[in-house]
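# heads up, no residue letters with this:
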């Protein structure tokens with residue numbers, strides 16, 4: 001049982017599925033996915049009060065090399081419980097959830113094989129019911145309930161379902177209805193839009209979404225699935241990946257560049273002038289769109305968003321609720337606010353995970369892009385671009401992110417001591433002002449003789465790491481705060497840069 005619990009990564013299962021990286025031993029094989037699938041089937045049977053032989057579960061994967069073997073384990077595990085498994089092929093994580101709500105499928109549950117943007121040797125599992133993704137407690141229950149049995153391969157009951165086809169048609173219809181152009185069927189006609197899928201699962205968006213809507217997708221890149229990820233990491237936060245799609249957008253003179261992560265639950269876009277709209281800019285853009293549809297809404301973000309973003313949201317009449325890191329944290333907080341009577345229509349992380357109330361609070365990169373495409377088509381009628389919606393966003397002149405490793409075995413206690421001591425340190429320091437309310441770590445504003453900004457020091461959600469974010473309204477303004485912070489941290493000998 002303990003070996004399975006080691007595979008838990010928050011609300012996901014993640015492990016090493018392939019050899020090839022020194023020091024990383026394989027711990028996720030078809031045998032593990034076999035037993036995990038059995039546990040999920042039994043858990044779902046109890047939750048739905050439905051016998052396992054009446055359950056229908058969809059199974060999708062991204063482009064990872066280990067997917068074929070791991071899927072065999074899942075199919076066989078489900079078959080051993082008399083569950084009917086449906087092979088959805090290479091698809092996106094959000095589409096697997098949608099397979100539980102589409103009228104033409106209505107699966108009882110879904111399993112997605114993915115490890116997001118992690119290296120080729122990793123893989124993992126995400127689980128869905130019609131209520132959404134399983135949470136951290138659910139995953140702990142699944143893994144702790146496993147009783148290992150002999151592996152019996154059985155692929156005889158597997159059925160196929162073309163999920164990409166249905167999901168693509170769903171998005172196409174949303175865009176047609178949202179734009180409501182004179183040419184209803186091809187509202188993106190005369191627009192040049194390119195896609196960078198990073199050799200993940202997002203290549204479908206060019207051929208099955210944009211082309212049917214009339215867009216020219218020539219110049220799109222890395223659309224073919226390849227689990228070696230030979231061109232760049234499929235990650236909308238990665239500098240190399242962003243530079244690649246910026247270059248392609250400018251080279252092809254495209255109206256918009258789109259980049260997805262491996263399993264398409266995150267995205268970023270590039271405007272016609274080559275401006276990358278990710279992180280705070282993406283949050284600002286999605287906030288502007290949301291507040292135009294739902295005035296006064298509360299926007300929930302993670303803890304590392306900028307002060308300029310808070311001002312931007314407030315000036316648009318919205319409310320900024322800066323919460324914790326972790327896409328499930330911001331989604332659950334937005335849901336909590338709604339349940340308590342505070343309208344919150346968007347929960348979004350700087351990583352690109354964004355979830356909307358009107359889309360099941362599903363973090364879906366393709367849905368984010370759908371919202372952007374609709375507003376872009378409308379703006380073009382006024383000779384405007386999407387970047388015109390975020391011109392008032394004030395950005396920092398300097399920004400630094402530092403990650404310090406805690407070498408102490410009890411890293412959580414050691415890290416918490418550092419946070420407590422830092423809070424005491426800044427409370428007695430005239431250069432700092434504690435930010436309140438604050439829901440993660442210690443966030444302070446600083447002012448060193450007119451050099452201003454903020455610092456957030458926190459504990460990583462899962463790793464022995466202290467991430468530190470510093471931003472400043474001055475050129476090179478992070479230097480003074482970083483120097484003072486490192487002076488404070490010198491006393492802690494179990495920290496390593």
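Received, thanks. For clarity, every value in this text was computed on a predicted model and none was experimentally measured. Numbering: from 1, shown residues only.

# which stretches of the stretch 151-300 of the chain have low pLDDT?
Low-confidence segments of the stretch 151-300 of the chain (pLDDT under 70): none present.

# Which parts of it are helices?
Assigned by DSSP state H, counting those that start in this stretch, the helices in the stretch 151-300 of the chain fall at 163-179, 204, 239-252, 279-293.

# Deepest-packed of those helices, please.
helix 204 (a mean of 26; mean count of other C-beta atoms under 10 Å). In this view, the C-beta of every residue, glycine as well, is placed from N, C-alpha and C.

# buried stuff in stretch 334-344?
Within stretch 334-344, the residues scored as buried using 16 or more other C-beta atoms under 10 Å are 334-335, 337-338, 344.

# For the spatially most central residue of the chain, give me its contacts.
Nearest to the mean C-alpha position of the chain, counting by C-alpha atoms, centre = their mean, stands residue 353 at 3.3 Å. By C-beta atoms under 8 Å, 6 or more residues apart in numbering, residue 353 lies in contact with 265-266, 327, 330, 363.

# avg pLDDT for stretch 85-92?
The average pLDDT for stretch 85-92 rounds to 98.

# So which of the buried residues of stretch 334-344 sit within strands?
Of the positions in those, not one sits in strands, assigned by DSSP state E.

# Can you tell me which of these is closest to residue 288?
For those, the minimum distance to residue 288 (C-beta to C-beta) is 15.9 Å, reached by residue 344.

# just checking, that closest one touches residue 294?
No - counting by C-beta atoms under 8 Å, residue 344 does not reach residue 294; the two are 9.1 Å apart.

# before we move on, back to that, which one among the contacts of residue 353 gets closest to residue 192?
Looking across the contacts of residue 353 and measuring by C-beta to C-beta, the closest to residue 192 is residue 266, at 23.3 Å.

# so that closest one sits right up against residue 351, yeah?
Yes - counting by C-beta under 8 Å, residue 266 touches residue 351, with 6.2 Å between them.

# quick one on the thing from earlier: please flag which of the buried residues of stretch 334-344 sit within helices.
Among the buried residues of stretch 334-344, DSSP state H puts 334-335, 337-338 in helices.

# By residue count, tell me the biggest helix in the chain.
helix 30-48.

# and the next helix or strand after that helix, which strands flank it?
The helix or strand immediately downstream of helix 30-48 is strand 56-61, counting by DSSP states H and E. Sheet pairing here is set by DSSP bridges, and for strand 56-61 it gives strand 84-90 (parallel), strand 109-113 (parallel).

# Distance from the chain centre to strand 56-61, please.
Distance of strand 56-61 from its chain centroid, counting by C-alpha atoms, centre = their mean, to the nearest Å, is 20 Å.

# Looking at the ones in helices among the buried residues of stretch 334-344, which is nearest residue 131?
When those are compared against residue 131 (criterion: C-beta to C-beta), the nearest one is residue 335, at 10.9 Å.

# ok, back up a step: to residue 36, which of the strands paired with strand 56-61 lies closest?
Distance to residue 36, taken as C-beta to C-beta, is lowest for strand 109-113 among the strands paired with strand 56-61, at 8.6 Å.

# helices or strands up against the very next helix or strand once past that closest one?
Per DSSP H and E, the first helix or strand lying C-terminal to strand 109-113 is strand 122-129. Strand 122-129 sits against strand 12-16, helix 30-48, helix 67-80, helix 93-98, strand 109-113, helix 136-144, with contacts defined as 3 or more C-beta pairs under 8 Å, 6 or more residues apart in numbering; DSSP states H and E.

# Mind checking those for the one nearest to residue 168?
Of the helices and strands packed on strand 122-129, nearest to residue 168 by C-beta to C-beta is helix 93-98, at 8.8 Å.

# what does that closest one rub up against?
58-60, 62, 88, 110-112, 114, 126, 128, 132-133, 163-164, 167, 170, 263-265, 360, 362-367.

# Kindly report the same for stretch 487-495.
404-408, 414, 418, 422, 425, 466.

# Out of the residues you listed, flag the one nearest to residue 154.
For these, the nearest to residue 154 is residue 405 (44.5 Å; C-beta to C-beta).

# Roughly how far does that closest one sit from residue 478?
21 Å (C-beta to C-beta, to the nearest Å).

# Give me the more crowded residue out of those two.
A side-by-side neighbour count of residue 405 and residue 478, using other C-beta atoms under 10 Å, places residue 478 first with 25 against 14.

# Just list the residues touching the more buried one, thanks.
398-400, 453, 470-472.

# Next, format the residues you listed as a markdown table and append pLDDT and distance to residue 17.
Formatted as a markdown table, the contacts of residue 478 follow (pLDDT from 0 to 100; distance: C-beta to C-beta, whole Å):
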| residue | pLDDT | distance to residue 17 |
| --- | --- | --- |
| 398 | 97 | 40 |
| 399 | 96 | 35 |
| 400 | 96 | 34 |
| 453 | 97 | 42 |
| 470 | 98 | 36 |
| 471 | 97 | 37 |
| 472 | 97 | 42 |
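
# Reformat those as JSON lines; add secondary structure, distance to residue 84 and neighbour count.
Shown next, in JSON lines, are the contacts of residue 478 (DSSP: H, G, I helix; E, B strand; the rest coil; distance: C-beta to C-beta, whole Å; neighbours: other C-beta atoms under 10 Å):
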{"residue": "398", "secondary structure": "strand", "distance to residue 84": "56", "neighbour count": "18"}
{"residue": "399", "secondary structure": "strand", "distance to residue 84": "50", "neighbour count": "17"}
{"residue": "400", "secondary structure": "strand", "distance to residue 84": "52", "neighbour count": "17"}
{"residue": "453", "secondary structure": "strand", "distance to residue 84": "56", "neighbour count": "25"}
{"residue": "470", "secondary structure": "strand", "distance to residue 84": "53", "neighbour count": "23"}
{"residue": "471", "secondary structure": "strand", "distance to residue 84": "52", "neighbour count": "25"}
{"residue": "472", "secondary structure": "strand", "distance to residue 84": "57", "neighbour count": "24"}
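
# can you tell me which two in the residues you listed are farthest apart?
Distance extremes for the contacts of residue 478: the farthest pair is 400 and 453 at 9.7 Å, using C-beta to C-beta.

# what touches both of these two?
470-471, 478.

# hmm, back to that, closest one of the buried residues of stretch 334-344 to residue 437?
Nearest to residue 437 among the buried residues of stretch 334-344: residue 337, at 13.4 Å, using C-beta to C-beta.

# ok, for the closest one, nearest residue in space, not its chain neighbours?
Leaving aside its sequence neighbours, residue 337 sits nearest to residue 344 (C-beta to C-beta, 6 or more residues apart in numbering; 4.3 Å).
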